[in-house]
Every structure is written in C-alpha cells, then in structure tokens.
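Asks: predicted structure and sequence below. I'll ask about it afterward.
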Amino acid sequence: MDILIRQAQSAEYGLLGEITAQAYLQDGLLDFGGSDPYLGVLRDVAARAAAAEVLVAVERDRVLGGVTFVPSGGPMADIAEPGEAEIRMLAVAHDARGRGVGEALVRACVDRARAVPGCARLVLSTQRTMHTAHRIYTRLGFTRTPDRDWNPLPELDDITLLTYALTL
C-alpha cells in the first residue's frame, strides 16, 4: 500500500466533500439523515480550504479520504485554545477503511502541529460511536479530555462530542 498524504487540490474538493458526507451518513452520525444541515458543511471543502489546511490521502491518484487541519484558531476551530492546533472532519471512503488511511491522515496532522511555532497540543472532537477513530487516537498517544467535551447543538441533549488531546 502506497498512500500519499498531501494538500487537497481544488479539483478534488467535490469528491472529498462527498466522501466526507457519505462517511458520516453511512456511519449514522447525522441526526436528520440526508437533510441534516451539517451535510452542507461537510461537503463544502472549498470553505474549509480557505480557512484551514485540507489534506487528502491518495493512492494511485485515487482520493481515499481526507481531514481538515486547523493550525491556529480561526473560523474552522471548534475547541482549540491558544497554543493548540485542531483536527476536524476526518473521513475515509468505506471501501478504503481498514488499510491505515485514517491513521496516516492523523499522523500527518500530528507532524504539521509539531511544525507550528508555539503549538503545544493537538486537539479534536469526536462522536461517541466513532470507536475505530478512538482507537487510532489512543494508539497515537492522544488522551481523553472529558472536561472539554461539548455539545454543538445544545437543543439536542444527546449530541455531546468527546474530546481528545495530544501534548506535543
């Protein structure tokens, strides 16, 4: 397996947006199915790329997945505080799972965070049911930070996101 992690190209934005949306839909992570307003956010890779760094995992010119790396705050940060970078919207195409794609994307974010001047920690939020992702984070040295868990939709009680941090 020869997976390359690199910055997403604008011609790949539509495909990566669909991979991300389908990953969330097929894993049952959206409350409103195909009409969930967050689908538009997941599909809008151009907006993410304008405010953060969007990385893709590619094998022989085929996009297998992607992640958004937020180096230092800005509109794409959900929980990052000063001195922290953040991982957002990690997604791998269903037919590419189990091959180390997600881990390669997270490792690339760790490497980028270590290169950000003054960055002491890499943080992320994840849904309770993303057990495979939780195993990746733990294996790479992230620890749970339950004091930072949060709910992006306070009107819905059952959407608490779990948080993890990696001290760099």
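Replies: Looks like it arrived, so ask away.

Asks: need the helix or strand of the chain with the lowest average pLDDT.
Replies: In the chain, no helix or strand scores lower on mean pLDDT, DSSP states H and E than helix 38-43, which sits at a mean of 88.

Asks: what's the following helix or strand after that helix?
Replies: Once the chain leaves helix 38-43, the next helix or strand it forms, by DSSP states H and E, is helix 45-51.

Asks: render the CA-only coordinates of that following helix in CSV, please.
Replies: In CSV, the C-alpha atoms belonging to helix 45-51 read as follows (Å, rounded to 0.1, in the frame of the first residue of the first chain):
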residue,chain,number,x,y,z
VAL,A,45,-14.3,21.6,1.1
ALA,A,46,-13.6,24.9,-0.6
ALA,A,47,-14.7,26.8,2.5
ARG,A,48,-12.6,24.6,4.7
ALA,A,49,-9.6,25.0,2.5
ALA,A,50,-10.0,28.8,2.6
ALA,A,51,-9.8,28.8,6.4
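
Asks: quick one: list the elements packing against it.
Replies: Using 3 or more Cβ pairs under 8 Å, 6 or more residues apart in numbering; DSSP states H and E, the elements in contact with helix 45-51 are helix 13-26, strand 62-70. Yep, even glycine has a C-beta here, placed from its N, CA and C like the rest.
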